[in-house]
Every structure is written in C-alpha cells, then in structure tokens.
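Asks: Make a model of this:
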Amino acid sequence: MNDPRPVTDLAAEGDVNLSPLRHEWEDSHVDRATRELLDADAQHFLHQSLSTPCLDALVASEGIWLEDAAGRRIMDFHGNNVHQVGYRHPHVMAAVKDTLDTLPFSPRRFTNRLAIDLAARLTALAPDPLGKVLFAPGGTLAIGMALKLARLATGRHKTLSMWDAFHGASLDAISIGGEAVFRKNMGPLLPGTEHAPPCDPTSCSFGCGGTCNLRCADYIDYVLGKEEDIGAVIVETVRCTDVQIPPRDYYARVREACDRHGALLILDEVPICLGRTGRMFAFEHYGIVPDMIVLGKGLGGAVFPMAALIARRDLDIAADRALGHYTHEKSSVGCAAALATLDVIENEGLLERSRTLGAQAT
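Replies: Just a heads-up that it's a prediction; the model follows:
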C-alpha cells in the first residue's frame, strides 16, 4: 500500500497505524475482493488520520450489525454515535422513504411541516427557557452557529473551553477544541479561544486523587473573572472519547460562574444526546439548564446528517444576520428521520432501557 505520510507516522495510534502488526492483521482478516476496495479507496480519497486507511468495506447495516464485503457480521458498539435506534429501523426508514416520494428537498427560504414539527418537538422536550431552534447538516456546523450567536448576544468574541475536548473538525471547532491531533500545525486558529483543564478525576490537573474536589470548576470561575470579556463557556456535558463524567455539583458551579460573569453556557451533546445517558439530554442529570445546547449524530436516525441548536427564546436576536444559512437547513428528509427517531425512543421505552442497561453495566 502506498502512503504519502512520513515513515515516522506509520506506527501512530488509531486508524493511521500502518505498523507491521497492522499488516499482519490485514493479511489474516482481509480477503482479495475487500483488499481491492480498500486499495481503490486509498487511491481516490485524500488521506487523513482517523478515517484513512479504512479497516474494512461494508455492504449492509441493520440493527446493531454491520456486514462487510466478505459476508462477516460485526456487532457495532460505536457507530459514530448515530444509531441509538439501530440501523435501518423500520419506522425511520418508512418516514424517510415517504418523504423521498413527496418532498425530497426543501429549498432555503421555504419551510415545511416536518421542519416545524421537529422544532416544536425538540423545544417541548427541552426545559424552559430553551425554546428556539436552528437546524444544520452536522454537529460541527451547529457549534459554529452557537459561537456566532454567543458573540452577537454578549458583544464578546472570547470563549472558554476544555483541553482534550472535541467539538468538530472545522477551523472554528478545532479552535475551541482541545485535541492536539486536530490542532497541530493548523494555526493561526481563532483568536480569544481560552482553554481550561477538563473535569476528569482520573487524570486531574488539580490533584483531586480520583474524587473531584471541584477545583476545576473554580478555575473556570477564576478565568472568567480574570478575562472579563469571555462571551461563552463551551463544554461537552459528558466527554465521550475517553468518558469523563463530572460530578453533579460541577455544572451547578459552572452555571453560577457563567451567570456571575455574564458568559453564556453552551453544552455540546452531539454524541451523547437523545437517551444515551437514560435522559433525553445529559444535562438533565445535573439540575441545570444551559443557554444553548447542540445536538447531532443520532438525531438523523442513522440515515441522514442532521444537527440542531436549541437556544433560549430571548436569544432570538439575529434576524438580520445569517447564523447558519445552510442549503439543507430545513431538510425535509432529515427532519422526517429525526421525528421518527424521537418516536422510536419514546414508543420503545429506550430511555428506560438505557437506564436499565446502565445499572447492569455498573
């Protein structure tokens, strides 16, 4: 396999691992037909970490299963966080197919019943004062909308986010993100993107010894007080990549700090929303309400790219600006998939199921 990266990068972690051990694994797991597909993929796509080279080639997905080109079925525990209701759920597929037959695309500046119903459904699920919605084709784009709205609402361009966080791979998202694999050699990034240590008792920067002492939350308060012109604090409610679950009092203290210093609290729940924690939104476990919440991934029912920004009603202040203005902003197909996904979560008791499985796992 020809690879354009330096030899020093060929033994890296993750999907970019091209060490001899990877070749040995491929020799025993990848047949000739699949090898031809993987080689064709490598030939035609730009190489990038975390997605190239591919591990395998797929021909089908259903429920919890992936089927590869060699006919093997693989239980998918990851799914890029899009499959709360499984692949090809019949209710989701029926809704999507019906919409493809009637309104496959809804041009910008027009609305449609599916988009309106989805916006109403999401705001009904979210606690007050979260009551206004914008849609986007992906979570990264929704993060960008939240950042722009925070600037307009506060008159401040600075942000405070967490080291090691992931909010997407676009330039604005990696600026507030904290993973070196995305930020390295990409500067200059957005100005004014301050960072703080995350709440992670297992590798705490404040010496909590495995039991959070909330000094990480106090540090956020400290930075907000020192900088004075930070407009928004952006946090993944639950960090998914390495699973950081802050204690309940963490967000209460962060919420109080934001209120005291005039900063908005934006929670990124793109991978963790819609029932993965046993609640529709992960922040419900913490007894606080953010100023904005960003949803994505599973919202599209493992069929369509779909994300949403839900904001406080009084933040509806940008009528003369374009926060998103995306071609697929009110996608009829995406909204149909999302509405059907919410139906499945409710009708099949998936919140209760998640809590049951979570209790068994612990």
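Asks: which non-adjacent residue is nearest L315?
Replies: Leaving aside its chain neighbours, L315 sits nearest to A153 (5.4 Å; criterion: CB to CB, 6 or more residues apart in numbering). (Glycine included, C-beta is placed from N, CA and C.)
Asks: Could you check how far the helix or strand where that neighbour lies is from the centre of its chain?
Replies: According to DSSP states H and E, A153 maps onto helix 139-154. Its chain's C-alpha centre and that of helix 139-154 lie 15 Å apart, by CA atoms, centre = their mean, to the nearest Å.
Asks: so the following helix or strand past it versus helix 139-154, what angle?
Replies: Downstream of helix 139-154, the first helix or strand assigned by DSSP H and E is strand 158-162. Interaxial angle of strand 158-162 relative to helix 139-154 (axes from the mean of the first three to the mean of the last three CA atoms, to 10 degrees): 140 degrees.
Asks: quick one: contacts for G86?
Replies: G86 makes contact with 62-64, 302 under the criterion CB atoms under 8 Å, 6 or more residues apart in numbering.
Asks: run the last query once more with 7 Å
Replies: Residues in contact with G86 (CB atoms under 7 Å, 6 or more residues apart in numbering) are 63-64.
Asks: how much space is there between it and D68?
Replies: Counting by CB to CB, to the nearest Å, the gap from G86 to D68 is 18 Å.
Asks: picking up where we left off before, model confidence over the helix holding A153, on average?
Replies: Averaging pLDDT along helix 139-154 yields 98.
Asks: Counting neighbours, what do you get for G138?
Replies: When neighbours are counted by other CB atoms under 10 Å, G138 registers 20.
Asks: and V59, which of the three is it?
Replies: strand (DSSP: H, G, I helix; E, B strand; the rest coil).
Asks: and it, what does it touch?
Replies: V59 sits next to 67-69 when contact means CB under 7 Å, 6+ apart.
Asks: Now list the buried members of those.
Replies: Among the contacts of V59, those classed as buried by 16 or more other CB atoms under 10 Å are 68-69.
Asks: Closest one of the contacts of V59 to E36?
Replies: Nearest to E36 out of the contacts of V59 is A69 (CB to CB; 9.3 Å).
Asks: That closest one against R35, yeah?
Replies: No. Judged on CB atoms under 7 Å, A69 makes no contact with R35 at a distance of 9.7 Å.
Asks: Helices along the stretch 251-362 of the chain, start to end?
Replies: Using DSSP state H, counting those that start in this stretch, the helices of the stretch 251-362 of the chain run over residues 332-347, 350-361.
Asks: Quick check: which of the ones you listed is nearest to G144?
Replies: For these, proximity to G144 was assessed by CB to CB; helix 332-347 is nearest, at 17.6 Å.
Asks: tally of neighbours for I220?
Replies: The number of residues near I220, taken as other CB under 10 Å, comes to 25.
Asks: hang on, isn't it packed against A257?
Replies: Yes. Counting by CB under 7 Å, A257 is a contact partner of I220 at 5.5 Å.
Asks: what are the ranges of the helices in the stretch 1-150 of the chain?
Replies: For the stretch 1-150 of the chain, applying DSSP H, counting those that start in this stretch gives helices covering 20-29, 32-44, 90-102, 113-125, 139-154.
Asks: Worst mean pLDDT among these?
Replies: Note on the helices of the stretch 1-150 of the chain: helix 20-29 shows the lowest mean pLDDT, a mean of 86.
Asks: For the nearest residue to D41 once chain neighbours are set aside, give me phi and psi.
Replies: Of all residues not flanking D41 in the chain, C54 sits nearest, at 5.5 Å (CB to CB, 6+ apart). Dihedral pair for C54: phi -70, psi 150, per degrees, to the nearest 10.
Asks: Just to be sure, which of the contacts of V59 are found in strands?
Replies: 67-68 (DSSP state E).
Asks: now the contacts of V59 in TSV, with pLDDT and distance to A180?
Replies: Output for the contacts of V59, formatted as TSV (pLDDT from 0 to 100; distance: CB to CB, whole Å):
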residue	pLDDT	distance to A180
E67	97	35
D68	96	32
A69	95	34
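Asks: which one among the contacts of V59 gets closest to K330?
Replies: When the contacts of V59 are ranked by distance to K330 (CB to CB), E67 comes first, at 33.5 Å.
Asks: who's in contact with that closest one?
Replies: Each residue near E67 by CB under 7 Å, 6+ apart is listed here: 58-61, 73.
Asks: Please name the nearest non-neighbouring residue to it.
Replies: E67's closest residue in space is A60 (CB to CB, 6+ apart), at 4.1 Å.
Asks: Could you report the neighbour count for the closest residue to M75 other than its chain neighbours?
Replies: Nearest residue to M75 in three dimensions, chain neighbours excluded: I64, at 5.6 Å (CB to CB, 6+ apart). Neighbourhood size, I64 [other CB under 10 Å]: 14.
Asks: who touches I64 in this structure?
Replies: Contacts here follow CB under 7 Å, 6+ apart; on that basis I64 touches 75-76, 86.
Asks: And those, which is closest to L323?
Replies: Nearest to L323 out of the contacts of I64 is G86 (CB to CB; 32.7 Å).
Asks: Check S19 and give its pLDDT.
Replies: Note for S19: predicted pLDDT of 77.
Asks: Check A169 too.
Replies: Taking A169 on its own, its pLDDT is 93.
Asks: Do I have it right that it meets E179?
Replies: No. Counting by CB under 7 Å, A169 stays clear of E179, with 9.7 Å between them.
Asks: one step back: which one of the contacts of I64 is nearest to P127?
Replies: G86 (27.9 Å).
Asks: With that, I have no additional questions.
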